[in-house]
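[1] Next one to model:
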Amino acid sequence: TDAGKWIGDVRGSGLFLGVEFVTDRGTLEPATLEVSALCTKMKDEHNILTTIDGPHDNVIVIKPPMCFSKEDCDLFVDAMQKCLANLVEHGVAEGTTHTPT
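    Residues are numbered from 1 along each chain as shown. A predicted model of the protein is given here:
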């Protein structure tokens, strides 16, 4: 998919990571509504909780428990790829509102 085009930056340390999403990698335009939709899809479709942060609420924060395994990581990455592919294919649903967590 073209899901990688949405990622502006990845930062953090250890298991505490932030993935910044943008609508344009050249201008780094924040993908605020898309992040809100992604966070909601991760919860609703995959039972994975993430939070939203950053000055533009366009950073998904990943902070798993210490017992997070490689299998858990694979599950998380697979779920995020599916949700991003859905956003790339269908866009953000009309009527989606910005709801930071």
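
[2] And stretch 80-93, what's buried?
    Residues of stretch 80-93 classed as buried by neighbour count (16 or more other Cβ atoms under 10 Å): 80, 82-84, 86-87. Quick note: C-beta positions are derived from backbone N, CA and C, even for glycine.

[3] Which of the residues you listed sits closest to residue 4?
    Nearest to residue 4, judged by Cβ to Cβ, of the buried residues of stretch 80-93 is residue 84 at 8.6 Å.

[4] Tell me how far the closest one lies from residue 60.
    Residue 84 sits 10 Å away from residue 60, going by Cβ to Cβ, to the nearest Å.

[5] what is in contact with these two at once?
    Any residue near both residue 84 and residue 60 by Cβ atoms under 8 Å, 6 or more residues apart in numbering counts here, and that gives residue 38.

[6] In the protein, which residue is most central in space?
    The chain has residue 60 as the residue nearest its centroid, 4.7 Å off, counting by Cα atoms, centre = their mean.

[7] Show the backbone phi and psi for that one.
    When read as degrees, to the nearest 10, the backbone of residue 60 gives phi -90, psi 130.

[8] Just give me the neighbour total for residue 55.
    Applying other Cβ atoms under 10 Å, we find 7 other residues in the vicinity of residue 55.

[9] Which strand or helix spans it?
    Per DSSP states H and E, residue 55 falls between elements, in no helix or strand.

[10] for residue 75, same thing?
    Residue 75 belongs to helix 70-90 when assigned by DSSP H and E.

[11] how would you label the spatially most distant residue from the centre of the chain: helix, strand or coil?
    When distances to the mean C-alpha position of the chain are computed (Cα atoms, centre = their mean), the maximum falls on residue 67, with 21.5 Å. Classification of residue 67 using DSSP: H, G, I helix; E, B strand; the rest coil returns coil.

[12] wait, what's in contact with it?
    Here residue 67 is in contact with no residue (Cβ under 8 Å, 6+ apart).

[13] Next, find the distance separating it from residue 61.
    Applying Cβ to Cβ to residue 67 and residue 61 gives a distance of 19 Å.
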